[in-house]
Every structure is written in C-alpha cells, then in structure tokens.
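A.B. asks: Structure for this input, please:
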Amino acid sequence: MIIGIDDTDSRKGMCTTYLCAVLVDEFKKQGYGEVSTPRLVRLNPCIP
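C.D. replies: This next block holds a predicted model:
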C-alpha cells in the first residue's frame, strides 16, 4: 500500500513531515505489519 500526503501545513501547526511520522507510528501500534521507511519527496511548483 502506498499513501500520499500533501499540503497539511497550517498556521496553527503541524506539517506534512510530522503527520507522516505520526501515521507511521500509529500504523505500527495498530499492528499493520511491516511499515517501510517513509520517503519525503518535495516537488518544485515552478516546474510544470
């Protein structure tokens, strides 16, 4: 399974990287088996 997360930043806190870490921890706690290392990919919005 591949999960993509985009643009969760807000002025009240949180960021996409932090949310990913929280989700990985929660998946492990819930017993979803092996969770691979998350990959952070930043896209350049200036490139169409």
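
A.B. asks: and Val35, how far is that from Ala21?
C.D. replies: Taking C-beta to C-beta, to the nearest Å as the criterion, Val35 is separated from Ala21 by 11 Å. Any C-beta I mention is one placed from the backbone N, CA and C, and that applies to glycine too.

A.B. asks: next one: Glu34
C.D. replies: 17 Å.

A.B. asks: which residues are in contact with both of Val35 and Ala21?
C.D. replies: Shared contacts of Val35 and Ala21, defined by C-beta atoms under 8 Å, 6 or more residues apart in numbering, are absent.

A.B. asks: Can you list the low-confidence ranges for the chain?
C.D. replies: Across the chain, nothing is flagged by pLDDT under 70.

A.B. asks: The same query, at a cut-off of 90, please.
C.D. replies: For the chain, residues meeting the criterion pLDDT under 90 lie at 1-19, 32-48.

A.B. asks: Stretch 31-44: end-to-end distance?
C.D. replies: Stretch 31-44 has an end-to-end distance of 35 Å (C-alpha to C-alpha, to the nearest Å).

A.B. asks: contacting residues around it?
C.D. replies: 17, 20-21, 24, 27-28.

A.B. asks: Kindly write the PyMOL command that selects the buried subset of the residues you listed.
C.D. replies: Burial among these is assessed by 16 or more other C-beta atoms under 10 Å; the matching PyMOL selection reads:
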select buried, resi 20+24
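
A.B. asks: So the most centrally placed residue in the chain versus Pro48, what's the distance?
C.D. replies: Centroid-nearest residue in the chain, with C-alpha atoms, centre = their mean: Cys20, separated by 2.7 Å. In this structure, Cys20 and Pro48 are separated by 26 Å, where distance is defined by C-beta to C-beta.

A.B. asks: Give the burial count for the residue nearest to Lys28 when sequence neighbours are not counted, as a bare number.
C.D. replies: Ranked by C-beta to C-beta, 6 or more residues apart in numbering and with sequence neighbours excluded, the top spatial neighbour of Lys28 is Val35, at 5.6 Å. Here the neighbour count serves as a burial measure; for Val35 (other C-beta atoms under 10 Å) it reads 13.

A.B. asks: And for Leu23?
C.D. replies: Residue neighbour count, defined by other C-beta under 10 Å, stands at 14 for Leu23.
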